[in-house]
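Asks: The sequence and its predicted three-dimensional model are supplied below.
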Amino acid sequence: MTIEQVVHYQELSAEYLRHARSLLAEGDLTQASEKGWGAASVLVKAAAESREVAHEKHRHLWQTIRVLVRETDDAELRSLFSHAESLHGNYYEDMLDAEEVAEFLGDVERLVEKLRALV
């Protein structure tokens, strides 16, 4: 993976997070949730790519998280990613309220910060 690709993934993730916060403020919880998921997943894919790990399927993202947890001994990556995945589910099911979406977006922000250092 080139430096340009890493920068692209990081910029895309930051853009998704900004958009998620804006959508949350507008009350569009499902779209805010999906942007939050996108912010996390694009960096997991970047981490996978930099380690030459498959990242084409949803289950590959979890495999990458497992690799990163073993590599860093940071089990919080798993729980933060789980909250990102809950946001993804909210896009389809509209099950979370505004407080939960805001909380999980905060968790995605923490996850993104950790992932940026691992890409």
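Replies: Received, thanks.

Asks: Would you point out which residue is most central in this structure?
Replies: Ala40 (1.1 Å; C-alpha atoms, centre = their mean).

Asks: ok, that one touching Val112?
Replies: Yes. In this structure, Ala40 is within contact of Val112 by C-beta atoms under 8 Å, at 6.4 Å. All C-beta spots, glycine's among them, are computed from the backbone N, C-alpha and C.

Asks: Common neighbours of those two, please.
Replies: Ser13 (C-beta atoms under 8 Å, 6 or more residues apart in numbering).

Asks: Would you mind listing the residues in contact with the closest residue to Thr64 other than its chain neighbours?
Replies: Leaving aside its chain neighbours, Thr64 sits nearest to Ala48 (4.1 Å; criterion: C-beta to C-beta, 6 or more residues apart in numbering). Residues in contact with Ala48 (C-beta under 8 Å, 6+ apart) are 54-55, 60-61, 63-64, 67.

Asks: Mind jotting down where the helices sit in the chain?
Replies: 3-26, 29-50, 58-72, 76-93, 98-116 (DSSP state H).

Asks: Tabulate these (TSV), appending mean pLDDT.
Replies: As requested, the helices of the chain are exported to TSV (pLDDT from 0 to 100):
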stretch	mean pLDDT
helix 3-26	95
helix 29-50	96
helix 58-72	95
helix 76-93	98
helix 98-116	98
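
Asks: so of the ones you listed, which one's packed in deepest?
Replies: helix 29-50 (a mean of 23; mean count of other C-beta atoms under 10 Å).

Asks: chain center to that one, what's the gap?
Replies: 4 Å (C-alpha atoms, centre = their mean, to the nearest Å).

Asks: do the same with stretch 4-18
Replies: 11 Å.

Asks: Alright, that wraps it up for me.
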